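**Student:** Got a predicted model here, sequence first, then my questions.
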Amino acid sequence: MKPTLKSNGTRLETIYNHQIWIECACGRAAPVRVSDLLALDKPPQTVDDVVTKARCSRCGAIRVKRYQIVYNPKGVMEDALKGARKPGGHNVDD
Ligand SMILES: [Zn+2]
């Protein structure tokens, strides 16, 4: 059983209120909030960008076994409280 990583060119700004669960080959899995990524100085553009560059905090390697995109409206609420983004705002396509 060999895991395969499907290429995913989904733009992060279109899944702003999601998080990406990244599972490393060592077994560690951790969620990354897309809104956090977009808040970076040089945010990654696509899901692919994130997955191919994600470094595991346990083993230090970049070897994503699989990942899952999960809807996470709560994270957006937290951001709204911090004033980072407007509540209810989703796509930043203008
Ligand atoms: Zn690892």
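**Tutor:** Right, received. Where do you want to start? Numbering: from 1, shown residues only.

**Student:** For the rest of this, base every contact and every neighbour count on C-alpha atoms.
**Tutor:** Fine.

**Student:** how about the helices of this protein, start to end?
**Tutor:** Counting by DSSP state H, one finds helices in the chain at the ranges 34-38, 47-53, 73-82.

**Student:** Out of those helices, which is closest to Arg63?
**Tutor:** With C-alpha to C-alpha, the closest approach to Arg63 among those belongs to helix 47-53: 8.0 Å.

**Student:** Does the closest one reach the ion?
**Tutor:** No: contact between helix 47-53 and the ion is absent, the nearest approach being 12.8 Å (criterion: C-alpha under 5 Å from the ion).

**Student:** For the remainder of this discussion, apply numbering that starts at 493.
**Tutor:** From this message on, residue numbering opens at 493, which makes the last subject helix 539-545.

**Student:** any idea of the mean pLDDT for that helix?
**Tutor:** Throughout helix 539-545, pLDDT has a mean value of 94.

**Student:** Which strands or helices does it pack on?
**Tutor:** Using 3 or more C-alpha pairs under 8 Å, 6 or more residues apart in numbering; DSSP states H and E as the contact definition, the elements that helix 539-545 packs against are strand 556-563.

**Student:** just to revisit the earlier point, just the helices of the chain: most buried one?
**Tutor:** With neighbours defined as mean count of other C-alpha atoms under 10 Å, the helices of the chain peak in mean count at helix 526-530, which reaches a mean of 19.

**Student:** Contacts for it next, please.
**Tutor:** For helix 526-530, the surrounding residues in contact (C-alpha atoms under 8 Å, 6 or more residues apart in numbering) are 504-505, 507-512, 535-536, 567-568.
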